[in-house]
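I would like the atomic coordinates for the input below:
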Amino acid sequence: MASAEAARSAAPNPIRALGRSTLTALRTVGGVAVFALRGVAAALTPRWFWDQLLRQFAAIGFFSLPVVGLTAVFTGAALALNIFTGGGRFNAEQVMPQIVALGITRELGPVLAALMLAGRVSAAIAAEIGAMRATEQIDAMRTLSTDPFRYLVAPRLLAGVLMLPLLTAVADTIGVAGGWLVATRVLSFNPTIYIRNTITFLESWDVVSGLIKAGVFGFIVTLMGCYHGYNASGGARGVGRATTHAVVSSAILIFASDYLLTTLFTHAS
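Numbers count the residues shown, from 1 in each chain. Here you go, the predicted structure:
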């Protein structure tokens, strides 16, 4: 009888596993929400560490320009080729400039720039803060009466929110230029007509909506890097896990928030 009860208790219980997973997910969401609120509060109230803020402006914004620019130009070129091929099946090749500009400014520009930052910046932030956690530098900051949220988290959040829209504006310009280059050099489009069609078709809201998305994505990328790095544990292996989790969670949240924002903007317009 006792052995039967022991076997039943040792058997996997799907309801218990589901409840445990649900509680873990809720605990994680709550932890991220509290962390984000503390980071936003530190970013919006003095004191600000201007040297750290300028350093993050350079690390997140300036040094990300090459990878974002290369991604944008090849994306615009490939998009032009695919739209021309697809439009040719319906004798609609002439709408290619409009579709390229719309696709890049509203979707591909902000999303691809954010994904590049997730791979480059979010991973670097998680590794840096995780290493500081592993070597007890964060505890030393508290000992010296320095708030880690003001010194580490706030400058990165501000830099992400402010720099990614600028990177997206650059990506939009380079992406449209990549489409123009392929259209005029490979597909025999008239350069002047291509530019005129692009400018005539685009509305200010197309560009602004993409920049708003970029600000949200910048917050997500830096928040995930800071959160996973700040909560890293287990030494070097824990820092590696935090880096991986930061990139994966940033990418998932970018796509999820992109869908929500696109739905909101579509109904708003």
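
now stretch 151-169: average pLDDT?
Throughout stretch 151-169, pLDDT has a mean value of 95.

ugh, wrong one, I meant stretch 104-122
pLDDT averaged over stretch 104-122 equals 94, rounded to a whole number.

send the alpha carbons of that stretch over as CSV?
Listed in CSV are the C-alpha atoms of stretch 104-122, where the atom choice follows Å, rounded to 0.1, in the frame of the first residue of the first chain:
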residue,chain,number,x,y,z
ILE,A,104,10.9,50.0,-45.0
THR,A,105,9.6,53.1,-43.1
ARG,A,106,6.7,51.4,-41.4
GLU,A,107,8.1,47.9,-40.7
LEU,A,108,11.5,46.7,-41.9
GLY,A,109,13.5,49.8,-40.8
PRO,A,110,12.5,49.8,-37.1
VAL,A,111,12.3,46.0,-36.8
LEU,A,112,15.6,45.2,-38.4
ALA,A,113,17.4,48.0,-36.6
ALA,A,114,16.0,46.7,-33.3
LEU,A,115,17.0,43.1,-34.1
MET,A,116,20.5,44.3,-34.9
LEU,A,117,20.7,46.1,-31.6
ALA,A,118,19.3,43.1,-29.8
GLY,A,119,22.2,41.0,-31.1
ARG,A,120,24.8,43.7,-30.5
VAL,A,121,23.7,45.9,-27.7
SER,A,122,21.4,43.8,-25.5
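
where does pLDDT dip in the stretch 1-150 of the chain?
1-12 (pLDDT under 70).

how about the helices in it?
2-10, 14-44, 50-56, 65-88, 96-103, 109-117, 123-134, 137-143, 148 (DSSP state H, counting those that start in this stretch).

just name the most buried of these.
Of those, the one with the most neighbours on average (mean count of other C-beta atoms under 10 Å) is helix 109-117, at a mean of 27. (C-beta placed from N, C-alpha, C; glycine too.)

much appreciated, bye for now.
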